[in-house]
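Peer 1: have a look; sequence and predicted model below, questions after that.
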Number of protein chains: 2
Amino acid sequence: MAPDRMMRLPPDIATPALVVDRARLERNLKGMADRAAARGIRLRPHAKTHKTAEIGRLQLEMGAVGLTVATISEAEKFADAGVTDLFIAYPLWPSRQRLARLAALAERVSLRLGIESADAAARLGSLAVLASPPEILVEIDSGHHRTGVPPGGAGEVALAAAHAGLPLAGVFTFPGHSYAPGRREPAARDEAAALAAASSALAVAGAADGERSGGSTPTAAVPADPPPTELRPGVYVFNDAQQAELGVCGDDQIALAAAATVVSRRARDRFVLDSGSKVLGADAASWSTGFGRLLGWPGARIVAVSEHHATVVLPPGSPELVLGETVAAVPNHVCAAVNLADELLVIGDAEVIGTWRVMARGANT
Amino acid sequence: MAPDRMMRLPPDIATPALVVDRARLERNLKGMADRAAARGIRLRPHAKTHKTAEIGRLQLEMGAVGLTVATISEAEKFADAGVTDLFIAYPLWPSRQRLARLAALAERVSLRLGIESADAAARLGSLAVLASPPEILVEIDSGHHRTGVPPGGAGEVALAAAHAGLPLAGVFTFPGHSYAPGRREPAARDEAAALAAASSALAVAGAADGERSGGSTPTAAVPADPPPTELRPGVYVFNDAQQAELGVCGDDQIALAAAATVVSRRARDRFVLDSGSKVLGADAASWSTGFGRLLGWPGARIVAVSEHHATVVLPPGSPELVLGETVAAVPNHVCAAVNLADELLVIGDAEVIGTWRVMARGANT
């Protein structure tokens, strides 16, 4: 007898397939919206996680001021879906092609762009003549050390943007170093401090006290002083094995899983599922205890993935899996899993109640 | 001045995008076809790598006896594209739904199926009544320890298949343990020995001396005694950073890369590209020196990927990359990268000469 799986899967579902528990999704959406509202912080969720029009609309209905995206093509897809306020939180390189696409976008939606260099700012100057030019946010490195300038360097980039005639909205950061055990609180402090320092540095361009946009799912719930003015969490809509591992969510807050079939029994405690890396993704942080989990099977870990195989090891004393049964495999990193799927099956009461197209899947340019 | 990049990218290409060097691809295809023919071994390339009708057709034109796929939906896509001989080299669990799809497929193409359990064999019995029932190959574990029975266990599974009335074609294995430094030769020996032992074990079901289907890109070129009767390499069409690392290919045999833009300069030797894990995939073996390479920049390594960022570190003394320039990023595992893209841009003489749809992208069921 398998233990209760909590997320009840429809019988006879064709596996592998990504399923979304509608009730859990709505609780996750509402929880984040309520917490942001209670703190007086604007919410601009990152849509790269879900890439669906339906979830974007739910986020906006619950009070989000707009959506965040990572690429111009994601912005184009969400503009097509009727979203009117978009922030491309990425240091785009403004090639001639990209400038043309950005100009077309700025005619359709209220557009914000990230930059992190004076060179990029200068090249964006051609957009300053638009009726509604995009607003600029300078990307700050708050400790993740991926992209962004040090807080003190924000002024120089902002000056270049101002010189190019572009309106400055403020500064933004992604505190990605929050993705490690025990790092949520310190990363949230780094984030708040870096945003505050960078915001002050924008005084040189006459733009102090603008937007201080931060937020990752791990830091979004952590009080910080001064708090960001805007949060951009993405993963919280679904959560995933990484968030569970970091203590950011409980198993009952995991709203997306891959319905998978047990295709091979290797030993009492070792089985293979048909949800491999082409379904779950291959993300694994140095601190990850595997490549994913099984809902309702505490202690079970996906210890290896290849393209169409996920090898599960059960903890000592666990009941066995059964050849042919369907289980709910939780990816490590849900953004990667969603981007592999063409559609999400929405489930409620162990029935498929809808199908959402991952309409911005693969929108990387 | 950047060093010569060998794979010449078209100017003004919208990045990130997967590009295929047509001349290199054809050399890779012809090289494998010629080597197999010279050894008298049938070639049944694994189409999960390229997922395109065009490359499948080239493989068949060059003498492949059919194609290998990993899933029923891949088989359906290639049948739609006109391929008439397909082997699903995967231990499918024959649910009622899958049996119906397999029956429909077997009406359209010459179909071979993998199994690794007597349970699965028994359930496939309903297909025995078809005019042309699928032929069965028993999966053997030759040392990779992912799926498949020990060679000596092949007889029991074969007996169950025979009992269910299904024709037996032989045995197959994937020597995935060849994917590690110094393991090609021993893995090829394991593969040949396991296939020979398992083939003999099929005597119990009156089916000895059938197909001995093996082959991975690393082992395909390694002589073994007795050689497999059929090879199923996949990656060789493009190669990738893993194959380069394993010494299986040279840089000039890498036929696919992600055209990527340099979007951030972190230091003299550290830059960020716009081809992240949503383009390259996140695969990294324990022995990988990174998450990918740059064509024409020997010693450069992609040391980190996030969804839209690839961080490159250049070796000491290397010329710098330039903000905004386009480079050719080579994924670790090309099958994962192709499965993230909707299309491949075919290039020749630094021009886009065609666009191939990744028509079996995401075909996981």
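Peer 2: Okay, I see it.

Peer 1: in space, what's closest to residue A:37 - neighbours in sequence excluded?
Peer 2: residue A:63 (6.1 Å; C-beta to C-beta, 6 or more residues apart in numbering or on different chains). C-beta: built from backbone N, CA, C; applies to glycine.

Peer 1: show the pLDDT at that neighbour.
Peer 2: For residue A:63, the model assigns a pLDDT of 97.

Peer 1: near chain B, which residues of the stretch 1-150 of chain A show up?
Peer 2: A:12, A:14-17, A:48, A:70-71, A:90-93, A:95-97, A:116-117, A:119-120, A:145-147 (C-beta under 8 Å from any C-beta of the partner chain).

Peer 1: try the stretch 151-300 of chain A
Peer 2: Going by C-beta under 8 Å from any C-beta, the residues of the stretch 151-300 of chain A near chain B are A:176, A:261-266, A:272, A:274, A:277-279, A:281-284.

Peer 1: do that again at 6 Å, thanks
Peer 2: Contact residues (C-beta under 6 Å from any C-beta of the partner chain) of the stretch 151-300 of chain A with chain B: A:261, A:263-264, A:272, A:278-279, A:282-283.

Peer 1: can you give me the helices in the stretch 151-300 of chain A?
Peer 2: A:154-163, A:184-201, A:217-220, A:241-245, A:277-280 (DSSP state H, counting those that start in this stretch).

Peer 1: just the buried members of the residues of the stretch 1-150 of chain A next to chain B?
Peer 2: A:14-17, A:48, A:70-71, A:90-93, A:95, A:116-117, A:119-120, A:146-147 (16 or more other C-beta atoms under 10 Å in any protein chain shown).

Peer 1: show me those that map onto helices.
Peer 2: A:119-120 (DSSP state H).

Peer 1: dihedrals phi and psi, residue A:356?
Peer 2: phi -110, psi 130 (degrees, to the nearest 10).

Peer 1: also the one 3 residues further on?
Peer 2: For residue A:359, the backbone dihedrals are phi -70, psi -20 (criterion: degrees, to the nearest 10).

Peer 1: tell me how far it lies from residue A:25.
Peer 2: Relative to residue A:25, residue A:359 is positioned 17 Å away (C-beta to C-beta, to the nearest Å).

Peer 1: what about those two, which has more around it?
Peer 2: residue A:25 (22 against 18; other C-beta atoms under 10 Å in any protein chain shown).

Peer 1: helices or strands up against the one helix or strand in chain A whose mean pLDDT sits lowest?
Peer 2: Least confident helix or strand of chain A, by mean pLDDT, DSSP states H and E, is helix A:217-220 with a mean of 94. On a contact count with 3 or more C-beta pairs under 6 Å, 6 or more residues apart in numbering or on different chains; DSSP states H and E, helix A:217-220 meets helix A:184-201.

Peer 1: residues of the helix it packs on that come out buried?
Peer 2: A:184, A:186-201.

Peer 1: got the angle for that helix vs helix A:154-163?
Peer 2: 50 degrees (axes from the mean of the first three to the mean of the last three C-alpha atoms, to 10 degrees).

Peer 1: geometrically speaking, which residue is the centre of chain A?
Peer 2: residue A:234 (2.9 Å; C-alpha atoms, centre = their mean).

Peer 1: ok, now which ones touch it?
Peer 2: Contact partners of residue A:234, counting by C-beta atoms under 6 Å, 6 or more residues apart in numbering or on different chains, are A:46, A:48-49.

Peer 1: ok, 8 Å please
Peer 2: A:45-50, A:68, A:216-217, A:335 (C-beta atoms under 8 Å, 6 or more residues apart in numbering or on different chains).

Peer 1: give me the nearest residue to it, chain neighbours excluded.
Peer 2: Residue A:234's closest residue in space is residue A:46 (C-beta to C-beta, 6+ apart), at 3.2 Å.

Peer 1: now do the contacts for that neighbour.
Peer 2: A:67-70, A:89, A:232-234.

Peer 1: which SS class is residue A:364?
Peer 2: Under DSSP: H, G, I helix; E, B strand; the rest coil, residue A:364 falls in the coil class.

Peer 1: wait, it touches residue A:73, no?
Peer 2: Yes - with contact defined as C-beta atoms under 8 Å, residue A:364 reaches residue A:73; the gap is 6.6 Å.

Peer 1: low-confidence stretches in chain A?
Peer 2: A:1-6 (pLDDT under 70).

Peer 1: could you rerun that using 90?
Peer 2: Across chain A, the ranges flagged by pLDDT under 90 are A:1-8, A:11-12, A:208-209, A:215, A:221.

Peer 1: report the longest strand in it, please.
Peer 2: strand A:256-267 (DSSP state E).

Peer 1: sheet partners, orientation included, of that one?
Peer 2: strand A:17-21 (antiparallel), strand A:270-273 (antiparallel), strand A:326-331 (antiparallel) (DSSP bridges).

Peer 1: ok so, going back, which ones among the contacts of residue A:46 lie within strands?
Peer 2: Per DSSP E, the contacts of residue A:46 map to strands at A:67-69, A:89.
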